[in-house]
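Enquirer: A predicted structure for the sequence below; I have some questions about it.
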Amino acid sequence: MSLTVHPSRSNRLFRSELAVPGSQPRLFEKAARSEADAVYLDLEDAVALDEKAAARANVVDALNGIDWGARTVEVRVNGLDTPHAFRDIIEVVGRCPRLDLLIVPKVSVPADLYAVDVLVSQVEMEAGRQRPVGLVALVETALGMASIEQIAQSGSRRLEGCTFGSGDFAASTRMRTTGIGGVSGEYGVLSDPASDGTRGFHWGDPWHAIHSRLVIACRAWGLRPVDGPFADFRDGPGLAAAARRAAALGFEGKMCIHPAQIPVVNEVFSPSEGEVAQARRILDAMEQARRDGRGAVALDGRMLDIVSIRQAEQLLERASAIAARAGASPAA
């Protein structure tokens, strides 16, 4: 094991992250009562240009006037290439003590985070804010993905995680996709011809390489990787498949664009009862081996070692956090 280890910068529970347009305040209370682990109020893509100022005022009122419970509360500000971002940051950081995180859209180079960090620090000092605001880098451009390792190492102590934005990324790279977060029937391979000359076509996952790279960069530098949304909220099986792929690769959770997606995403990113029971058996077996003076032990025909312990402990920690969240959550 290397002596160079970057510990996790945050232990927030982040299975589901519900997006709510800042221009639709009628949805805020419902979001606050949802089962989402995190809610982000959006001032960027979901808000029309002529509604930017009104949406910002809505969000400030909501952050100060609604009981958000134990969930993480975020605001996605406008991009640094717009005339709206600096006012978004000044207003929501300076006037909203409940704010946990700022989502910075279209982060493409580490300097983008540095610019936001400096402004946030100035606003916090002026407002006398006691609890610092964290940052999430929304990586959704070709340049951003090409710079993902540098972004993860940006040096900002506020940075907690990176979220992948597939829609803008697809536009940036000119991908052919059927929808935001979806796959494409054009991306696949042909099998070799069978004896009768027929050839099967097998779909591929166009996001696999991108997902893997983002997860590795995040985990290497102690950041939380979160997958972007699956736009077709009527396609439950498609959402579940996308979430399972992301969870298998190591993502912490997934963005949701509709409350109906939350139960599916929460289930996928939660340990099952069987997994929890097996993790407890592993720790019990290893503890018994320690008492017996044995360095390793077999369980169900499989050798266990320190890696097995670490994986079991991580799973049980996550299960405990989920149980605590369920106990603290208001009814939906």
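Expert: All right, it came through fine.
Enquirer: which residues sit against whichever helix or strand residue 59 is part of?
Expert: According to DSSP states H and E, residue 59 maps onto helix 52-65. With contact meaning Cβ atoms under 8 Å, 6 or more residues apart in numbering, helix 52-65 is reached by 21-23, 25, 28, 41, 43, 47, 73, 75, 78, 84, 87-88, 91-92, 95-99. From N, CA and C alone the C-beta is placed, and that goes for glycine too.
Enquirer: any of these buried? List them.
Expert: Among the contacts of helix 52-65, those classed as buried by 16 or more other Cβ atoms under 10 Å are 21-23, 25, 28, 41, 43, 47, 73, 75, 78, 84, 87-88, 91-92, 96, 99.
Enquirer: buried set for the helix holding residue 59?
Expert: So helix 52-65, judged by 16+ other Cβ under 10 Å, has buried residues 52, 55-56, 58-60, 62-63.
Enquirer: can you redo those residues as JSON lines with pLDDT and distance to residue 200?
Expert: Listed next are the buried residues of helix 52-65 as JSON lines, based on pLDDT from 0 to 100; distance: Cβ to Cβ, whole Å:
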{"residue": "52", "pLDDT": "98", "distance to residue 200": "50"}
{"residue": "55", "pLDDT": "98", "distance to residue 200": "49"}
{"residue": "56", "pLDDT": "98", "distance to residue 200": "53"}
{"residue": "58", "pLDDT": "98", "distance to residue 200": "52"}
{"residue": "59", "pLDDT": "98", "distance to residue 200": "50"}
{"residue": "60", "pLDDT": "98", "distance to residue 200": "56"}
{"residue": "62", "pLDDT": "98", "distance to residue 200": "52"}
{"residue": "63", "pLDDT": "98", "distance to residue 200": "53"}
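Enquirer: that older thread, now the element after the helix holding residue 59, going C-ward?
Expert: Following helix 52-65 in sequence, per DSSP H and E, is strand 72-76.
Enquirer: ramachandran angles for the residue positioned nearest the centre of the chain?
Expert: Nearest residue to the geometric centre of the chain (Cα atoms, centre = their mean): residue 226, 2.2 Å. Backbone torsions of residue 226, given as degrees, to the nearest 10, read phi -130, psi 130.
Enquirer: how close does it get to residue 157?
Expert: 19 Å (Cβ to Cβ, to the nearest Å).
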